[in-house]
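J.: coords below, sequence missing:
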């Protein structure tokens, strides 16, 4: 599946300051993520896995170290360039879906396309196709509050893939869902990985979700376990 | 288009809060518009004045008179086209609460100097000029008291004691907005001849002269030339433009006018605080959504536009509602206060200022939330959502 690393993480350090005291969150984290890989990051609460995911996705800054994606060190980008890079390269799937409640499912999916040069008609076509890919064509005019949790997460996945990014990051994508909906979402993510060759980085507490990944890495107290596991599939 | 839709939808997300904010802005703009109209009404005499008219009065004070003999001397000054003598009569119709301006004037020259006072009916005009006791009345004043042409009206003199009978011979209409249509004019000769019979010492005395000139750019020279004629006389004159003359009355109330102006701006400041509070609450509640938009790649400037659009949707809706109320309210207030403000019209400037105030409230109230949204850390805000 993998053909050379897409992301190289080198000697990553990150700490938060609380009450004037620096609390380390990530300590000397280095590893590689291959192109088309489905990686699950696991670890206890406070282990730094969401922070690591945020840094990889360019929505949080590191104290030191390099994150090289497709040969470009994103830690060197300023806020504007980083935002542009995110819009082109990364799709986000959140635990609580984070859809805009006053926009319909179709409009939520269309939102990232506003940053592209597409016409309104093209945007609508792309958004409709993305919704169809997640099986929600018949819900395009529904508002998030009119959809179930699983349906909302599928809309969020459609929004994440509509710009055709290389990387999908998912922070506890099944954490707010019942078992059936969670399985649907994981199946969908697997399809995106298998059929569209999306590189997926998923943070999860759920061992069943982690089973869907090709590679499993554990974080504990901000440090990465040396070896990557290959979950039984 | 989608972002505009999002801004408008966000604006009305909390309906009660949005409606109350819009009502607040509307009431503030209504108050602002009415207060500005009061100030404009104070200046209506100044606004109605023309550059080609001068006023000559006694240099000591307006309460001192000038001899009638000055009229021909003023007319002889180069650049003067017409002179009309006038006196403030100060008569009362039935009761003191029925106040309106009434003047004794040389009516033919008055109409020549004031082309904006128009008597359309030629028969009325000729009968007015023929009747020594005839009166020329503004249509608004006639409507107020139900007067018609031919009606007999008696004014009780306060400066010129006694009951003075008049016959309404003509009605006038203003040919441009801002001219007072609630004045009462009668022949100066009626006043003078009556005084000659009853109080001879007060006859032949003029309160002021209205002077028409041919070139407004020479008004200062002509004023000096007129005053020079009467220098070192028993009744020295002070000649000034009609605008300066009217401003003299307005300046007596400058402290009140300043206070009204200040209150009108304080009202806007108060609603700015209310609107800013609404927007700040909205921004705090939506920090997670701003973080999501930033995550998707939207920059701080887009978020600022989104917030400004939301604030403008509220404030401009409120301003338009307030303006829609200003016109009927000004009409109602004007009809109640016609004794004090014969001209009570909402000016174009007031409409422009009210709209500008609405836009300014929107933009200023969006400033802090836009800054907040620009500064919000994505990871931190997303944690709050969780």
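T.: That came in fine, so what should we check first? Note that the structure is a prediction, hence the values are computed from the model and not measured. Residues are numbered from 1 along each chain as shown, chains lettered A, B, ... in the order given.
J.: Report pLDDT for whichever residue of chain A sits closest to chain B.
T.: Distances between chain A and chain B by Cβ to the nearest Cβ are smallest at residue A:87, namely 2.6 Å. (Each C-beta comes from the backbone N, C-alpha and C, glycine too.) The score at residue A:87 is 93. That number is its pLDDT.
J.: quick one: contacts for the residue nearest to it when sequence neighbours are not counted?
T.: Distances taken as Cβ to Cβ, 6 or more residues apart in numbering or on different chains place residue B:297 nearest to residue A:87, at 2.6 Å, with adjacent residues excluded. Going by Cβ atoms under 8 Å, 6 or more residues apart in numbering or on different chains, residue B:297 touches A:83, A:84, A:86, A:87, A:88, A:112, A:115.
J.: follow-up on the earlier one: show me what secondary structure element comes after the helix or strand the residue of chain A closest to chain B falls within.
T.: Residue A:87 belongs to helix A:79-89 when assigned by DSSP states H and E. Counting by DSSP H and E, the element after helix A:79-89 in chain order, helix or strand, is strand A:90-93.
J.: My guess is the residue of chain A closest to chain B contacts residue A:114. True?
T.: No - between residue A:87 and residue A:114 there is no contact under Cβ atoms under 8 Å: 9.5 Å.
J.: Near the closest residue to chain A within the stretch 51-200 of chain B, how many other residues are there?
T.: For the stretch 51-200 of chain B and chain A, the shortest gap (Cβ to the nearest Cβ) falls at residue B:177, measuring 45.4 Å. Applying other Cβ atoms under 10 Å in any protein chain shown, we find 13 residues neighbouring residue B:177.
J.: same check, this time on residue A:145
T.: By other Cβ under 10 Å, the residues close to residue A:145 number 9.
J.: and if you look at residue B:190?
T.: Residue B:190 has 18 neighbours, counted by other Cβ under 10 Å.
J.: ok, for residue A:57, nearest residue in space, not its chain neighbours?
T.: Residue A:57's closest residue in space is residue A:169 (Cβ to Cβ, 6+ apart), at 4.4 Å.
J.: Spit out the contact partners of that neighbour.
T.: With contact taken as Cβ under 8 Å, 6+ apart, residue A:169 is in contact with A:53, A:56, A:57, A:90, A:91, A:92, A:93, A:200, A:201, A:202.
J.: do residue B:218 as well
T.: Contacts of residue B:218 (Cβ under 8 Å, 6+ apart): residue B:79.
J.: Make CSV from the contacts of residue A:169 and add neighbour count to it.
T.: Formatted as CSV, the contacts of residue A:169 follow (neighbours: other Cβ atoms under 10 Å in any protein chain shown):
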residue, neighbour count
A:53, 21
A:56, 23
A:57, 25
A:90, 25
A:91, 27
A:92, 24
A:93, 26
A:200, 24
A:201, 24
A:202, 27
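J.: mind putting these in JSON lines, pLDDT included?
T.: Below are the contacts of residue A:169 laid out as JSON lines (pLDDT from 0 to 100):
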{"residue": "A:53", "pLDDT": "93"}
{"residue": "A:56", "pLDDT": "94"}
{"residue": "A:57", "pLDDT": "92"}
{"residue": "A:90", "pLDDT": "95"}
{"residue": "A:91", "pLDDT": "94"}
{"residue": "A:92", "pLDDT": "94"}
{"residue": "A:93", "pLDDT": "92"}
{"residue": "A:200", "pLDDT": "95"}
{"residue": "A:201", "pLDDT": "95"}
{"residue": "A:202", "pLDDT": "94"}
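J.: Looking at the residues you listed, which is nearest residue B:323?
T.: Using Cβ to Cβ, residue A:92 comes nearest to residue B:323 of those, at 44.3 Å.
J.: can you pull up the bridge partners for that closest one?
T.: Taking DSSP bridges as the rule, residue A:92 bridges to residue A:169.
J.: gap between it and residue B:268?
T.: 42 Å (Cβ to Cβ, to the nearest Å).
J.: now residue B:310
T.: Separation of residue B:310 from residue B:268 (Cβ to Cβ): 20 Å.
J.: quick one, what contacts residue A:167?
T.: By Cβ under 8 Å, 6+ apart, residue A:167 lies in contact with A:6, A:7, A:57, A:69, A:89, A:90, A:91, A:198, A:199, A:200, A:201.
J.: mind checking the SS state of residue A:61?
T.: Classification of residue A:61 by DSSP: H, G, I helix; E, B strand; the rest coil places it in coil.
J.: How about the one 4 residues further on?
T.: The three-state label for residue A:65, taken from three-state DSSP, comes out as strand.
J.: count of neighbours near it?
T.: Residue A:65: 18 neighbours (other Cβ under 10 Å).
J.: ok, for it, nearest residue in space, not its chain neighbours?
T.: Of all residues not flanking residue A:65 in the chain, residue A:12 sits nearest, at 3.7 Å (Cβ to Cβ, 6+ apart).
J.: Show residues contacting the longest helix anywhere in chain A.
T.: Identified as the longest helix of chain A according to DSSP state H is helix A:179-195. Defining contact as Cβ under 8 Å, 6+ apart, one finds that helix A:179-195 is touched by A:36, A:38, A:93, A:134, A:148-150, A:153-154, A:157, A:161, A:168, A:170, A:173-174, A:177, A:198-200, A:202, A:206, A:208-209, A:212.
J.: just the strands in chain B please.
T.: Using DSSP state E, the strands of chain B run over B:53-58, B:66-67, B:80-88, B:102-105, B:117-118, B:134-138, B:152-157, B:162-174, B:184-187, B:205-206, B:208-213, B:237-241.
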